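[1] with the sequence up front, the predicted model follows.
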Amino acid sequence: AKEMGRNAYCLFDPGMLADVDEQLRLRHDLRLGLERSEFVLHYQPQVDLTHGKTIGMEALIRWNHPGLGMIPPGRFIPIAEKSGLIVPMGDWVIREACGQIAAWQRDGLPKMVVAVNLSALQFQRGNIEETVTRALADAGVDPAWLELELTESILIKDAESVLTTLKRLKSLGLSLSIDDFGTGYSSLAYLKRFKVDKLKIDQSFVRDLMVDDDDASIVRTIIQMAGNLDLKTIAEGVEDKHTLHHLKTMNCDEVQGYYFARPMPADEAATFADSYYWD
Ligand code: C2E
Ligand code: CA
Ligand code: CA
Ligand code: CA
């Protein structure tokens, strides 16, 4: 439909076909990719604003496709969710992340929490509790070093069974955060009930913090509310030092974003964590 103006009857867009083609190909290749270990986790540092230290890493999946090169998750996670493959893929992510925590601790790195993203389907179809328990045990990792990032959509679906699962997960000793906070529907009551530890303020509010008064007041309100509820806050998508300083004056606890580092392979992330200190 790119040339709509010139030819209003042209409903056929070769670009759309290419998209469908790509989706079919990726969908087909996903399963193979999982068998052939084509996925990797990159890690993006999370910096504590009080001490200026890297205290966490978010694990973000990438696909090293043999023909197409490195593919970002935005292009295959939705397909994996539609096909259900997100469940075994998500299991792999959890195991891989736990293995990485163990490896970093063996290497004597300062201890860091590794945060893993979960999809709603992992709650509905997978046995998430068993996966997490096993992965931690097999890697010999203290659950305190694992964090699970949930989206608000997980909390609204079938609230009672999710609540039970989350309670069990929490009782293992790991922590829970709400990803993309502010974009969904979760109410304050939910946050209390689900016993989450941290809110990740969505990057759409952080991006224009310095120029958009509404975004600034949303961020300030989230941080105040989190403080009142005894929840930590992390702002994601921090790209410049002015935003960073503003967040600090708002008493945000942690930050994550390109200003510090992009997601990186595990060895680079370790070097960063070992040397980087923000003041
Ligand atoms: P997310 O969980 O909200 O992750 C944050 C995304 O923002 C990442 O994109 C990260 O690279 C990017 N980002 C970080 N700092 C900045 C910044 O300063 N500026 C900008 N513009 N972007 C920044 P990425 O790695 O492409 O991941 C996209 C989404 O894919 C994630 O969003 C998450 O929803 C999903 N995802 C990634 N890994 C996994 C996974 O292992 N499992 C599941 N279920 N989803 C995943
Ligand atoms: Ca996330
Ligand atoms: Ca996010
Ligand atoms: Ca997001």
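    Noted; the coordinates are in hand. Ligands and ions are numbered 1, 2, ... in the order given.
[2] residues in contact with the one helix or strand residue 34 maps to?
    Residue 34 is located in helix 14-35, with elements delineated by DSSP states H and E. Residues outside helix 14-35 that contact it (Cβ atoms under 8 Å, 6 or more residues apart in numbering) are 1-2, 38-39, 63, 65, 71, 75-76, 79-80, 82-83, 85, 88-89, 92. No exception for glycine: its C-beta is placed from N, CA and C like everyone else's.
[3] how about the contacts made by residue 86?
    The contact partners of residue 86, by Cβ under 8 Å, 6+ apart, come to 77, 80, 119, 121, 122.
[4] all strands of the protein, in order?
    When secondary structure is read from DSSP state E, the chain shows strands at 39-48, 54-65, 69-71, 113-117, 146-150, 175-181, 198-201, 232-236, 254-256.
[5] can I get the ones you listed in CSV including mean neighbour count, distance to ligand 1 and mean pLDDT?
    Conversion of the strands of the chain to CSV gives the following (neighbours: other Cβ atoms under 10 Å; distance: least, Cβ to the nearest ligand atom, whole Å; pLDDT from 0 to 100):
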stretch, mean neighbour count, distance to ligand 1, mean pLDDT
strand 39-48, 21, 6, 97
strand 54-65, 22, 4, 97
strand 69-71, 12, 10, 95
strand 113-117, 21, 4, 98
strand 146-150, 23, 6, 97
strand 175-181, 22, 5, 95
strand 198-201, 26, 8, 96
strand 232-236, 24, 6, 98
strand 254-256, 24, 6, 98
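[6] in CSV: the ones you listed, plus distance to residue 242.
    Supplementary listing: the strands of the chain in CSV, determined by distance: least, Cβ to Cβ, whole Å:
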stretch, distance to residue 242
strand 39-48, 16
strand 54-65, 21
strand 69-71, 31
strand 113-117, 26
strand 146-150, 26
strand 175-181, 22
strand 198-201, 16
strand 232-236, 13
strand 254-256, 13
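[7] what count of nearby residues applies to the nearest residue to residue 83 once chain neighbours are set aside?
    The shortest distance from residue 83 to any residue that is not its chain neighbour, by Cβ to Cβ, 6 or more residues apart in numbering, is 5.9 Å, and that residue is residue 27. Residues near residue 27, counting by other Cβ atoms under 10 Å, number 15.
[8] look up how far ligand 3 lies from residue 27.
    Summarising the geometry, the distance separating residue 27 from ligand 3, computed by Cβ to the ion, to the nearest Å, is 24 Å.
[9] buried subset of the contacts of helix 14-35, written for PyMOL?
    Command for PyMOL that selects the buried part of the contacts of helix 14-35, burial taken from 16 or more other Cβ atoms under 10 Å:
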select buried, resi 38+39+63+65+71+76+79+80+85+88+89+92
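[10] pretty sure residue 54 is touching residue 271, no?
    No. Contact between residue 54 and residue 271 fails when scored by Cβ atoms under 8 Å: they sit 10.8 Å apart.
[11] what about residue 139, distance to residue 173?
    Computed with Cβ to Cβ, to the nearest Å, the distance linking residue 139 and residue 173 is 14 Å.
[12] of the two, which one has the most company?
    The neighbour count for residue 139 versus residue 173, taken as other Cβ under 10 Å, is higher for residue 139 (21 against 12).
[13] okay, now residue 136: neighbour count?
    Residues near residue 136, counting by other Cβ under 10 Å, number 22.
[14] any figure for the gap between the residue nearest to residue 83 and residue 182?
    Using Cβ to Cβ, one gets 32 Å for the distance from residue 27 to residue 182.
[15] also residue 201?
    Look at residue 201 and residue 182: by Cβ to Cβ, they are 6 Å apart.
[16] residue 229 now?
    According to Cβ to Cβ, residue 229 and residue 182 sit 15 Å apart.
[17] who does the worst-scoring helix or strand of the chain on mean pLDDT touch, helix- and strand-wise?
    Every helix and strand in the chain was compared by mean pLDDT, DSSP states H and E; the lowest is helix 188-193, with a mean of 76. Counting contacts by 3 or more Cβ pairs under 8 Å, 6 or more residues apart in numbering; DSSP states H and E, helix 188-193 packs against no other helix or strand.
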